[in-house]
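Q: Show me how the following folds:
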Amino acid sequence: MREAPPFRHFLITRFNLNYGDLYPYSEDWMRHRMDLFARFCQPSVRRQTSQNFTWLVYFDRARTVPYLDRLAPLLDDPRFRAIHIDDPAEMLADIRARAGTGQALLTSRLDNDDMLHPEFIARLHARAAQAAPGELPLVIDFPTLTWWREGSPRAQRFRSDVVSPFASVLEAPGPTGWESGPWGDGPRTVLIARHENLRARIGRVEDMPDPLSMTVLHANNVSNGQARFGGLGRLLRAWRDRESTLSRAETKRVLAEFGLSGKG
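A: Reported below is the predicted structural model:
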């Protein structure tokens with residue numbers, strides 16, 4: 001059994017929170033995302049070799065009520081906390097209330113259609129456990145990502161020019177609690193800014209070399225990229241090594257590591 005880490009760790013997923021209708025939360029969107037969550041995201045979290053974390057999944061209460069029966073089987077996990085809120089502003093207050101006062105806090109973000117390699121949490125914890133107090137707050141990122149479209153025999157691998165969507169933030173309270181810490185009024189968490197802005201907000205970023213995360217490409221995440229980054233071309237220009245398409249054999253091996261057969 002792995003020794004408990006010297007910090008509390010929250011994996012955070014914002015499932016369908018209301019951000020001014022930024023996303024098209026239609027019946028089709030919810031059905032599609034619940035399917036992706038059940039087939040890709042949740043199994044990848046269950047397969048983590050280190051289970052010393054709590055998964056906080058935030059749902060918009062009003063938007064989620066019609067789907068509670070379909071979501072119920074997905075929420076049956078001792079590490080899983082399904083939290084229904086009325087406004088995204090409640091989320092930070094909830095995380096802070098769970099953080100406690102005397103222990104460092106590690107927070108990680110995970111989109112509901114993305115996947116983690118089984119060793120993701122273990123590697124993250126190993127690095128976080130080595131952090132010296134003078135390094136904090138610290139962003140720990142896994143910028144080398146795998147992109148795979150379901151059913152495709154070949155995946156692609158990119159290295160992000162900016163902090164990736166799989167970033168974590170490690171921070172610690174001051175001698176008398178969070179009020180005497182670096183922020184003055186509580187932990188900021190990985191949600192202090194959009195992932196691509198974390199370097200500017202926090203400064204210290206540790207890039208881990210391992211490709212331990214995967215984005216499953218589909219029509220909805222491409223459309224989000226178009227809406228939020230000014231077009232798919234601009235989104236793709238934020239990545240290096242755009243020609244690094246994996247061979248069929250390498251793709252098969254990588255998918256197997258993530259627990260996939262290649263056909264989803």
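
Q: Give the residue spans of this protein that score low on pLDDT.
A: Within the chain, the stretches with pLDDT under 70 are 1-4, 19-24, 220-243, 262-264.

Q: Spatially central residue in it, please.
A: The centroid of the chain falls nearest to L110 when counting by CA atoms, centre = their mean (1.7 Å).

Q: Give the closest residue to that residue in space, chain neighbours not counted.
A: Among residues not flanking L110 along the chain, T13 sits closest, at 5.1 Å (CB to CB, 6 or more residues apart in numbering). For glycine as for every other residue, the C-beta is placed from the backbone atoms N, C-alpha and C.

Q: Over to Q51?
A: Using CB to CB, 6+ apart, the nearest residue to Q51 is R79, at 6.3 Å.

Q: What distance do you get for R194 to D69?
A: 33 Å (CB to CB, to the nearest Å).

Q: now do W178
A: Distance from W178 to D69, by CB to CB: 39 Å.

Q: Of those two, which one has the most company?
A: W178 (22 against 7; other CB atoms under 10 Å).

Q: residues contacting the closest residue to the more buried one other than its chain neighbours?
A: Excluding its sequence neighbours, the residue lying closest to W178 (CB to CB, 6+ apart) is G186, at 4.7 Å. G186 makes contact with 96, 99, 178-179, according to CB atoms under 8 Å, 6 or more residues apart in numbering.

Q: Do I have it right that R149 meets A219?
A: No: using CB atoms under 8 Å, R149 is not in contact with A219, being 10.1 Å away.

Q: Among the two, which residue is more densely surrounded?
A: It is R149, of R149 and A219, that has more neighbours when counted by other CB under 10 Å, with 14 against 8.

Q: What does that one show for phi and psi?
A: phi -90, psi 130 (degrees, to the nearest 10).

Q: what residues are up against it?
A: Per CB under 8 Å, 6+ apart, neighbours of R149: 216-218.

Q: From I140, how far off is it?
A: From R149 over to I140 the distance is 28 Å, taken as CB to CB.

Q: where's the residue nearest to Q51 relative to E250, distance?
A: Distance of R79 to E250, given as CB to CB: 31 Å.

Q: rewinding a little: which of the contacts of G186 sit farthest apart?
A: A99 and E179 (12.6 Å; CB to CB).

Q: Mind jotting down where the helices sit in the stretch 101-250 of the chain?
A: 120-129, 198-202, 219-229, 232-236, 248-257 (DSSP state H, counting those that start in this stretch).

Q: Now the last one: buried residues?
A: When burial is assessed from 16 or more other CB atoms under 10 Å, helix 248-257 yields the following buried residues: 251-252, 254-255.

Q: Hmm, R248 and P153 touching each other?
A: Yes: using CB under 8 Å, P153 makes contact with R248 at a distance of 5.0 Å.
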